[in-house]
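Chemist: Below are the sequence and a predicted model; questions follow.
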Amino acid sequence: MKMKITVRAFADYREIIGKEMELLLPAEKTIGGLLADLGDRYPNLRREMFTPAGELKEFINIFINGRNIAFLKNMATPLSDGDIIALFPPVAGG
């Protein structure tokens with residue numbers, strides 16, 4: 001069974017993967033699995049989001065339906081049909 005997920009990219013990530021994409025994924029996919037798939041498809045995204053050891057870099061925010069994965073199950077957070085994933089790179093301000 002497949003589920004449809006929408007991925008929205010912001011700031012620098014938008015330049016790499018585009019503003020928004022819809023994907024059909026296996027029903028058992030987690031956010032970590034989705035990000036691994038996106039990293040395989042877009043090597044520049046992997047370099048921007050992950051350390052050489054494969055850990056998510058600091059200050060990156062990933063939201064599922066408006067909820068930060070840091071307050072869910074992090075990379076093990078399961079995805080569901082219709083989820084909207086938002087990817088925000090670290091933002092420097094002043």
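Modeler: Done, it's in.
Chemist: in this structure, what spans have low per-residue confidence?
Modeler: Counting by pLDDT under 70, the chain contains low-confidence ranges at 92-94.
Chemist: just the strands in it please.
Modeler: Assignment of strands within the chain using DSSP state E yields the ranges 2-9, 20-26, 61-64, 67-68, 84-88.
Chemist: what's in contact with the longest one?
Modeler: By C-beta atoms under 8 Å, 6 or more residues apart in numbering, the surrounding residues in contact with strand 2-9 are 16-27, 29, 34, 38, 79-87. For the C-beta atoms, the positions are set from N, CA and C on the backbone; glycine is no exception.
Chemist: Buried ones only from those residues, please, as a ChimeraX command.
Modeler: Restricted to buried positions by 16 or more other C-beta atoms under 10 Å, the ChimeraX selection for the contacts of strand 2-9 reads:
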select :16,17,23,25,29,34,38,79,83,85,86,87
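Chemist: So in terms of bridging, what pairs with the closest residue to Lys19 other than its chain neighbours?
Modeler: Take Lys19 and drop its neighbours on the chain: the residue closest to it by C-beta to C-beta, 6 or more residues apart in numbering is Ala9, 6.5 Å away. Going by DSSP bridges, Ala9 is paired in beta bridges with Leu87.
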